[in-house]
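In: Provide a 3D model corresponding to the input given below.
(3 chains)
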Amino acid sequence: MNNTIVSYLSQFESYKGLLESFSSLFGEAGPGLLTFLVFLIGCILVVTVMATIGGLGTYAERKISADMQARMGPNRVGPYGLLQFLADGVKMFLKEDITPNTADKFIFGLAPLLALVGVFGTLAVLPFSSGFTLSNLNVGVFYLIGIGSLVGVAIFLGGYASNSKWSMLGGMRGASQIISYEIPVVLSLMAIVLMSGSLNFGGLVGAQGGLPQEWFIFHNPFTFIGFFVFFIGALAETNRAPFDLPEAESELVSGYHTEYSGMRFAFFALAEYIEVFVVCGVGAAAFLGGYKVPFNLGGEGIIGQVLQVLVFFGKTLALYYLVIMIRWTYPRLRVDQLMTLCWKYLTPMAIFNLIGCALWIYLLDSKSMWDMLAAFVGSMGTGGGH
Amino acid sequence: MEATYSLDVYTPVVILLFLGAITVVAALLLGKLVRPHNPSESKNTPYECGEQPVGTAWSFFNMRFYVIGLIFIIFDVESALMFPVAVIFKKMNEIGRGGLVLVEIMIFLSVLISGIAYCWRKGDLDWVKSYVPSKDTNNKQG
Amino acid sequence: MDNVIFIISTILTVGGALCVLLTKNVMHACVYLLTCLLGVAGLYVTLGADFVAATQLAVYVGGVVILMVFAVMLTGGPNSQSSNKFGIVKIPMMGNAKTYIIGIISAVIFGLMAYKVLSRVITSIQAGEAPVFTETVEKIGFMLVTDHVLAFEISSVLLLGALVGAAIIARPKRGV
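Out: Alright, predicted model coming up:
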């Protein structure tokens, strides 16, 4: 099941015409080159859109937090302050690049690179729509988890390389937080994989439907709990408040990115915002029905694809809003509370969840609660009508 | 043998990883042209709230980070082993062998649950250990 | 595309391994090891073992490298002198006869229980009955629950042993 953009586009006549012209120009390497070019354009498009969303995420965070705190937020640069993130980007581009002279220069430069490479790698498997997935890997979910852990390594290396006490402590805490919370996230995703029977995102989304009662979150009580376990774990994985101890501004100055200035800090920040989007996207795809449009409007044509992309973005951005709102509502967790929450609450809940889902599938033939309710109501209607 | 396995599906992965690396390198190199570069002694020392840094960066010994890392690896390998079984569970259920897979999953998980229960009981999961404190007074909390 | 991935993976693996050997800084060696393991994941991809590649990424890159950098940090880092500050005086016992006898008896009991439970449920799957699996993951899963189920269950016991052993070794002195 490899419905990537290339296989989707190859349905169209114009693409076939292009293929022929490429084959005539370049001989044997023609089709391969065309595939590569299509993928290249797709990747650049996705990266640009994601970077913009990352930048707009900073703007959205400032505006939403301002709204919650009864103030205005940025409103000078551009209409309603929308270009604020560009101004910030230019500012960071022009800042002096200071490397502490006791720092480990090789690792100091490598850490932001690893963070950004790790996050960009996760973009390859996000299911934007049924035709526009960049790379529908057969092991999509597991690959996402693996590549995402590069960010954890990057955080620790960043903290270590700065050779300052704040950064080191922030880096250690950040790395241990990320690896701890990976377990509940993986276990709750495993429950969803159990229910859909496939590790690739196309299969995960395909097993759901468009209407809310066909989403996995409402399928049975165990996946409902699983969604919240996943969401909390994902919040902690991306170092977002209330789990942002590694970059706790009031405690550790700025944690693992204290010594980073200018573009290097911009890479860390961009990696964090894009990672939040990716994690919300995974939550939307696995639990909330992904790109499926209610009643399958638009079919599989171009209009259907656009609708699917819009639905996916809508669900992801709704979760993103929730993430931002949570940051400005709750106080920060202390480090031992953080670890207790993970190992003593979330992990047992996730394991219990997995067992429950397996039992549900086995005993009830993976019928959702709504199917059983509908069958019950139907049987009541026909059977006992007096 | 089966049909040849096409690696074309990995093209976007490789492209994206390269794009990430190129973005970082290009942005830093381009920035070198427009950035100021005035290194000074005070700018280059690590930040310590305005005072001179004292001592090396890491002199406290915290075993709890390592224990967390070890426990994480165990659970990571366990989830890697569970994933293939989880993938085929539904299909096996359809041919009537769901019970078999269910029992095997239960045995696997019960062994690991007993492991985490042991660690919990013995206090290895506590961040602040609640036993008689050692004589090491330099032990910072976390 | 196959050639590109193979060439990149080879450069990463061999280059990383060479740099691990030639560097004098332990922390740099860990980073080069990370590159080497990424290259090995790429080599698995060229072999068609996509699940094994993803496992390599998740377990090695996400776990083992972090553990190694933690270990390097906790033992004083690249600036360490000869003495370390471990403070662990207790050497974990290899075990006396009592331990081994109890261990063997519990292993036998566990095996008998597992066998009793499984033999009720297992009847061999006929050739035509098994569903057709196309992906690597599914084939691995099917093998794990039919042909190699003993390996699957024993690996859980092995992981349990690793967990308990690591927890015991990493336990500091109890102020005795």
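In: ok, for C:Gly16, nearest residue in space, not its chain neighbours?
Out: Nearest residue to C:Gly16, sequence neighbours excluded (C-beta to C-beta, 6 or more residues apart in numbering or on different chains): C:Cys36, at 3.2 Å. Every C-beta, even on glycine, is put in place using the N, C-alpha and C of the backbone.
In: give me the phi and psi for the one you found.
Out: phi -60, psi -40 (degrees, to the nearest 10).
In: can you tell me how far it is from C:Ala54?
Out: The gap separating C:Cys36 from C:Ala54 is 17 Å, by C-beta to C-beta, to the nearest Å.
In: looking at these two, which has the bigger crowd around it?
Out: Each of C:Cys36 and C:Ala54 had its neighbours counted (other C-beta atoms under 10 Å in any protein chain shown), and the higher figure belongs to C:Ala54 (29 against 19).
In: that one contacts A:Gly146, doesn't it?
Out: Yes - here C:Ala54 reaches A:Gly146: they are 5.4 Å apart, a contact under C-beta atoms under 8 Å.
In: so what sits against both of the two?
Out: Taking C-beta atoms under 8 Å, 6 or more residues apart in numbering or on different chains as the criterion, C:Ala54 and A:Gly146 both touch C:Ala41.
In: OK, contacts around the residue nearest to the spatial centre of chain C?
Out: Residue closest to the average C-alpha location in chain C (C-alpha atoms, centre = their mean): C:Val59, at 7.0 Å. C:Val59 makes contact with B:Ile73, B:Asp76, B:Val77, B:Ala80 under the criterion C-beta under 8 Å, 6+ apart.
In: pretty sure A:Cys41 belongs to a strand, no?
Out: Just so we're on the same page, residue A:41 is Ile rather than Cys. No - secondary structure of A:Ile41 (DSSP: H, G, I helix; E, B strand; the rest coil): helix, not part of a strand.
In: from A:Gly109, how far off is it?
Out: To A:Gly109, A:Ile41 is 30 Å away according to C-beta to C-beta.
In: how about C:Ile5?
Out: Here C:Ile5 is placed at a distance of 26 Å from A:Gly109 (C-beta to C-beta).
In: for the closest residue to chain C within chain B, which non-adjacent residue is spatially closest?
Out: Using C-beta to the nearest C-beta, the closest approach of chain B to chain C is made by B:Pro84 at 3.3 Å. Excluding the flanking residues, the one nearest B:Pro84 by C-beta to C-beta, 6+ apart is C:Gly141, at 3.3 Å.
In: ok, that neighbour - contacts?
Out: C:Gly141 neighbours (C-beta under 8 Å, 6+ apart): B:Phe83, B:Pro84, B:Val85, B:Ala86, B:Val87, B:Ile88, C:Phe133.
In: let me know the secondary structure of the second one.
Out: Following three-state DSSP, we place B:Pro84 in the helix state.
In: residue 131: which element?
Out: Going with chain A. For A:Gly131, there is no host helix or strand (DSSP states H and E).
In: let's do chain C instead
Out: Here C:Pro131 is assigned to no helix or strand, by DSSP H and E.
In: and if you look at C:Gly42?
Out: Counting by DSSP H and E, the element that carries C:Gly42 is helix C:26-46.
In: tally up the residues packed near A:Gly171, please.
Out: By the criterion of other C-beta under 10 Å, A:Gly171 has 27 neighbours.
In: go on, the one 10 residues further on?
Out: Using other C-beta under 10 Å, A:Tyr181 has 28 other residues around it.
In: assumed it was part of a strand.
Out: No - assigned with three-state DSSP, A:Tyr181 falls outside any strand and is helix.
In: quick one on the thing from earlier: between the contacts of C:Gly141, identify the one with the most neighbours.
Out: Neighbour counts for those, by other C-beta under 10 Å, peak at B:Val87, which reaches 30 neighbours.
In: just confirm that one contacts A:Ser196, I think it does.
Out: No - at 9.0 Å, B:Val87 does not count as touching A:Ser196 under the criterion of C-beta under 8 Å.
In: what does the stretch 101-250 of chain A have sitting close to chain C?
Out: The stretch 101-250 of chain A has residues A:104, A:106-107, A:110, A:137-139, A:142-143, A:145-150, A:152-153, A:156-157, A:160, A:168, A:172, A:175, A:179, A:182, A:199 near chain C, with proximity defined as C-beta under 8 Å from any C-beta of the partner chain.
In: mind checking which of the residues you listed land in strands?
Out: In strands, judged by DSSP state E, none of those are found.
In: restrict those to contacts with chain B.
Out: A:Leu137, A:Phe142, A:Met168, A:Met172, A:Ala175, A:Ile179, A:Glu182, A:Leu199.
In: of the residues you listed, which pair is most distant in space?
Out: Across those, the longest distance by C-beta to C-beta is 36.9 Å; it joins A:Met168 and A:Leu199.
In: A:Phe218 contacts A:Gly289, correct?
Out: No - if you go by C-beta under 8 Å, A:Phe218 and A:Gly289 don't touch, sitting 9.6 Å apart.
In: which residues do these two both contact?
Out: Joint contacts of A:Phe218 and A:Gly289 (C-beta under 8 Å, 6+ apart) are A:Pro212.
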